[in-house]
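J.: below is the sequence, then the predicted model.
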Amino acid sequence: MKMKNQTIRTGLYFERLTVAFSSGLFLVLPLYFKKLGWDEVFFGQVYAVGAIGTILCVALGAVMIRSIGLSKVAPLGSLFYAIGCLLYLTSDSIKNVNLYYFASLFQGAGWGLVFTMGPICMSTTVDSKTRSYYFTIYAAYSTLGVGVAPLIAHGLIEYLHWTYQDLFVLGSAFSGIAFLISSIVARSNAYYESANIGTGLSGWSEFVVVMRQPSSYFFVMVLFGACVYTAMINLQTTFATAQGIDYTVFYFFYSLAVVLSRFFLSKPLSRIAPKSSIIYLMLLMISALALMFWAEYSLLFYAASSLLLGISYGLVYPIIQAQATNNAPAHLQPQTLVYFSLSYFFAVYLFPYLGASIAIRNGYSALLWILILSASAELLTAFYFYNVVFRISTTTLTVK
C-alpha cells in the first residue's frame with residue numbers, strides 16, 4: 001500500500017516532535033550534574049561522547065540505506081535515542097558514572113539518524129521548488145519539541161516536585177512513541193524506495209565527489225551556525241544561573257520565535273533570493289548575540305535577544321539545508337544531506353565541551369565573543385559563495 005505524501009509528512013512531523021521533546025527534557029542535564037557536584041566541563045565531556053555515535057551512524061547512513069533500505073533504517077534513530085534515555089536512568093540508579101557516557105553515545109547515534117534520515121524521508125515526498133518550505137516546517141516541529149520540553153521540565157520539578165529521574169522516564173516514553181510512529185510511516189511506504197542510494201560511489205571516493213560540489217560551502221556554514229546553536233541551547237541553563245536570570249525566558253521566546261517564523265515567514269521568505277535572505281538573517285543573528293551581553297541587566301534584553309536569535313537561526317538553517325541539496329546533482333542529494341548532517345553534528349556535540357571550558361576559565365562573556373566570531377565566519381562564507389563561487393559555477397552540476 002502506498003501512503004499519500006501528506007500522510008507521510010504528517011507522520012514525520014509527529015515523529016520529529018516527540019523525539020525532539022525527549023531531547024529537550026535532557027537540556028537540564030547541566031543542572032542535574034551540578035546538583036551531583038560536577039560542572040559544565042563534565043557535561044561537555046559526556047555530551048561530546050555522543051559525537052562518536054552520531055558521526056558513526058551518519059557516516060554509515062548511506063551504507064545502511066543501500067544494505068537494508070530507508071524504510072528499515074529510519075525508525076532506528078528513535079529506538080536508539082530511547083535506549084540512551086533508559087541508560088541515563090540506569091546510570092543514576094546504580095550510581096555508575098561510566099554509563100552516562102554510554103547513554104550519551106546511544107542518544108547521539110539516535111539523534112544523528114533521526115536528524116539525517118528525516119530530511120531524506122521528507123525529500124521523497126517533495127520537489128525542489130517546495131523542498132525549502134517543507135524542510136522549514138519539518139524543522140519547526142523539532143524546535144517546538146526541544147523548546148517546550150525545558151519549560152515543562154522546569155514546571156514539573158518546581159511545582160510538582162518531579163525528580164530528574166522522572167524526567168528521564170518521560171524522555172524514554174516519548175522516544176518510544178517516536179519509534180512507533182516512524183515504524184508505522186515506514187511500513188509499506190513505496191516513496192522511500194526512491195531514496196535508495198546506488199552503489200556507484202562509496203567511502204573516500206564518495207566523500208571526494210561530494211566535497212567538490214558547490215554544496216560543500218553550505219557544510220561550512222552549518223558547522224559555524226551549529227556552534228552558536230549548541231552553545232545557546234545546551235549551556236543556557238548554566239548561563240542563566242550565572243547571570244541570576246530565569247532560563248525559561250530564553251527557551252520560551254526562542255522557541256516561540258522559531259516556530260512562528262517558520263510557519264508564517266517561510267513562504268514569504270522563499271520568494272526572496274537565498275543570497276539576500278541568508279546574509280540578512282546572519283546579520284540579525286550577530287545582533288542577537290551582541291544583545292545577550294545585556295541579558296543580566298534586564299529580562300527585556302534577554303527576551304529580545306532570544307527572540308531575534310530564534311528568528312534568525314530558525315529561518316536560516318532550513319534555507320542553508322535546502323540550498324545544499326539544490327546545489328548538488330540529483331543522484332548525490334541523499335549523500336549531500338548525510339554530509340550536511342555530519343558537519344552539523346560535528347559542531348553540535350563537540351563544541352559544548354570547548355564552550356564550557358571557555359565559560360569556566362574566562363566567563364560567559366568570552367564565550368559570547370567566540371559565538372559572534374563563529375556567526376561572522378558563517379556570514380563571510382555565504383558572502384564568498386554567492387559573490388564568487390556561485391557566479392563562476394556552471395548552471396549544470398557535473399561530477400568529475
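T.: Structure's in. What do you need? Note that this is a predicted model, so its numbers are computed, not measured.

J.: for the closest residue to Phe263 other than its chain neighbours, give me the pLDDT.
T.: Spatial nearest neighbour of Phe263, excluding adjacent residues (CB to CB, 6 or more residues apart in numbering): Ala140 at 5.9 Å. All C-beta spots, glycine's among them, are computed from the backbone N, C-alpha and C. At Ala140, the model reports a pLDDT of 83.

J.: doesn't Leu265 make contact with Ala140?
T.: No. Counting by CB atoms under 8 Å, no contact exists between Ala140 and Leu265, whose distance comes to 10.7 Å.

J.: in terms of neighbours, single out the busier of the two.
T.: Counting neighbours by other CB atoms under 10 Å for Ala140 and for Leu265 shows that Ala140 has the greater number, 23 against 14.

J.: for the more buried one, pull up the helix or strand it's in.
T.: Using DSSP states H and E, Ala140 maps to helix 131-159.

J.: same question for that helix: list its buried residues.
T.: Applying a neighbour-count criterion of 16 or more other CB atoms under 10 Å, the buried positions in helix 131-159 are 131-154, 156-157.

J.: now do the helix or strand just after it: which elements does it pack against?
T.: Next helix or strand after helix 131-159 toward the C-terminus (DSSP H and E): helix 164-186. Secondary structure elements in contact with helix 164-186, counted by 3 or more CB pairs under 8 Å, 6 or more residues apart in numbering; DSSP states H and E, are helix 5-25, helix 70-73, helix 76-94, helix 98-123, helix 131-159.

J.: can you say which of those helices is nearest to Ile286?
T.: Of all those, helix 131-159 sits nearest to Ile286, with 20.1 Å by CB to CB.

J.: next, the angle helix 5-25 makes with the closest one.
T.: Per axes from the mean of the first three to the mean of the last three CA atoms, to 10 degrees, the angle that helix 131-159 makes with helix 5-25 is 40 degrees.

J.: what are the ranges of the helices in the stretch 301-400 of the chain?
T.: Remark: helices assigned in the stretch 301-400 of the chain by DSSP state H, counting those that start in this stretch are 333-362, 364-384, 390-392.

J.: can I get the ones you listed in JSON lines with mean neighbour count, mean pLDDT and distance to Leu315?
T.: Listed next are the helices of the stretch 301-400 of the chain as JSON lines, based on neighbours: other CB atoms under 10 Å; pLDDT from 0 to 100; distance: least, CB to CB, whole Å:
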{"stretch": "helix 333-362", "mean neighbour count": "22", "mean pLDDT": "88", "distance to Leu315": "16"}
{"stretch": "helix 364-384", "mean neighbour count": "19", "mean pLDDT": "96", "distance to Leu315": "14"}
{"stretch": "helix 390-392", "mean neighbour count": "10", "mean pLDDT": "60", "distance to Leu315": "20"}
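
J.: need those in a markdown table (columns: distance to Ala242).
T.: Compiled in a markdown table, the helices of the stretch 301-400 of the chain are given as follows (distance: least, CB to CB, whole Å):
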| stretch | distance to Ala242 |
| --- | --- |
| helix 333-362 | 8 |
| helix 364-384 | 6 |
| helix 390-392 | 42 |
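
J.: so which of these gets nearest Thr241?
T.: Taking CB to CB as the criterion, helix 364-384 is the member of the helices of the stretch 301-400 of the chain that comes nearest to Thr241, at 10.4 Å.

J.: show me the contact partners of that closest one.
T.: 217, 220-221, 224-225, 227-228, 231-232, 235, 239, 242-243, 275, 278-279, 282-283, 285-286, 289-290, 292-293, 355, 358-359 (CB atoms under 8 Å, 6 or more residues apart in numbering).

J.: any idea how far it is from the chain center?
T.: When distances are taken as CA atoms, centre = their mean, to the nearest Å, helix 364-384 is centred 18 Å away from the chain's centroid.

J.: what's the angle from it to helix 333-362?
T.: Between the axis of helix 364-384 and that of helix 333-362 there is an angle of 150 degrees, by the same axes, to 10 degrees.

J.: just to revisit the earlier point, PyMOL command for the buried members of the contacts of helix 364-384?
T.: Applying 16+ other CB under 10 Å to the contacts of helix 364-384, the buried members can be selected in PyMOL as follows:
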select buried, resi 217+220+221+224+225+227+228+231+232+235+239+278+279+282+285+286+289+290+292+355+358+359
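
J.: if you look at the contacts of helix 364-384, which of them are in helices?
T.: Using DSSP state H to define helices, the subset of the contacts of helix 364-384 located there is 217, 220-221, 224-225, 227-228, 231-232, 239, 242-243, 275, 278-279, 282-283, 285-286, 289-290, 355, 358-359.

J.: quick one: average pLDDT of stretch 85-101?
T.: For stretch 85-101, the mean pLDDT works out to 84.

J.: in that stretch, what's buried?
T.: Buried residues in stretch 85-101, counting neighbours by 16+ other CB under 10 Å, are found at 85-89, 91-92, 99-101.

J.: export that stretch to PDB, keeping only CA atoms.
T.: Provided in PDB are the C-alpha atoms of stretch 85-101 (Å, rounded to 0.1, in the frame of the first residue of the first chain):
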ATOM      1  CA  CYS A  85      17.300   7.800  27.800                       C
ATOM      2  CA  LEU A  86      17.000   4.500  29.700                       C
ATOM      3  CA  LEU A  87      20.700   4.300  30.200                       C
ATOM      4  CA  TYR A  88      20.700   7.700  31.900                       C
ATOM      5  CA  LEU A  89      18.000   6.300  34.200                       C
ATOM      6  CA  THR A  90      20.100   3.200  34.900                       C
ATOM      7  CA  SER A  91      23.200   5.200  35.400                       C
ATOM      8  CA  ASP A  92      21.600   7.100  38.200                       C
ATOM      9  CA  SER A  93      20.000   4.000  39.700                       C
ATOM     10  CA  ILE A  94      23.200   2.000  40.100                       C
ATOM     11  CA  LYS A  95      25.500   5.100  40.600                       C
ATOM     12  CA  ASN A  96      27.800   4.200  37.700                       C
ATOM     13  CA  VAL A  97      29.300   7.300  36.100                       C
ATOM     14  CA  ASN A  98      30.600   5.400  33.100                       C
ATOM     15  CA  LEU A  99      27.100   4.600  32.000                       C
ATOM     16  CA  TYR A 100      26.500   8.400  31.400                       C
ATOM     17  CA  TYR A 101      29.000   8.200  28.600                       C
END
